[in-house]
Structures are given as C-alpha cells and as structure tokens.
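Enquirer: what's the 3D shape of this:
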Amino acid sequence: MKYRYRVIVMPKKELLDPQGRAVKQVINDMGIKVDDVRIGKSVEVIINANSDRDATSIVEKLAREMFSNPIIEDYIIERI
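Expert: Below is the predicted model:
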C-alpha cells in the first residue's frame, strides 16, 4: 500500500537563521512588520509499505538520517 508523508525541516529554535533574518529585513523594508521569519524545507515522500506502522518507521528513519541534520535542525512528520 502507498503512504504519503510531508516532512517539514526547520532550523532549531535556539540557532540563528541568517536566511530568515535576511528575509525578515526585506519584509520590514517593504513596510510590513513581522516578528520573525524562519526558513526551512518541506519534503514529500510516497512510501510503499505493508502497514501504516512500517511506513511511519521508514519515514522516521529518512527524516532523521537523510532529510535533516539533527545537530542544527528539527523536523515534523505529517501524514497527507
């Protein structure tokens, strides 16, 4: 069976996000006030697995070992 997931990867909250800071400055220069901007990435993956449990285990491994750098990034997994 096919299972579809989205993995959202973001810089850890305690780390600086230079790209987000640059975008925030441009937005503020446009006259729009925002408190913060964080830039991350979104990965969608379709997994063939025998069960939801197996698919979730596979996407967890991918998120942890391939899609993110656990030293500087956190991730959230969504079933879509």
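Enquirer: Using CSV, write out every CA atom in the helix or strand that contains Asp74.
Expert: Following DSSP states H and E, the helix or strand that holds Asp74 is strand 73-79. Coordinates of each C-alpha in strand 73-79 appear next as CSV, following Å, rounded to 0.1, in the frame of the first residue of the first chain:
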residue,chain,number,x,y,z
GLU,A,73,17.6,21.1,12.5
ASP,A,74,14.3,19.7,13.9
TYR,A,75,11.6,18.0,11.8
ILE,A,76,7.9,17.3,11.9
ILE,A,77,6.3,14.4,10.0
GLU,A,78,2.7,14.8,8.7
ARG,A,79,0.7,12.1,7.0
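Enquirer: tell me, which strand in this protein spans the most residues?
Expert: For the chain, the strand with the greatest residue count under DSSP state E is strand 2-11.
Enquirer: re earlier: so which bits of the strand holding Asp74 are buried?
Expert: By neighbour count with 16 or more other CB atoms under 10 Å, strand 73-79 contains the buried residues 73, 75, 77. Just so you know, the C-beta spots here come from the backbone N, C-alpha and C atoms, and that holds for glycine as well.
Enquirer: ok, what's across the strand from the second one?
Expert: Okay, so that is Tyr75. Here Tyr75 sits in beta bridges with Val9, going by DSSP bridges.
Enquirer: my guess is it contacts Pro11, does it?
Expert: No - if you go by CB atoms under 8 Å, Tyr75 and Pro11 don't touch, sitting 10.9 Å apart.
Enquirer: returning to that earlier point: check which helices and strands the strand holding Asp74 sits against.
Expert: Strand 73-79 sits against strand 2-11, helix 52-62, with contacts defined as 3 or more CB pairs under 8 Å, 6 or more residues apart in numbering; DSSP states H and E.
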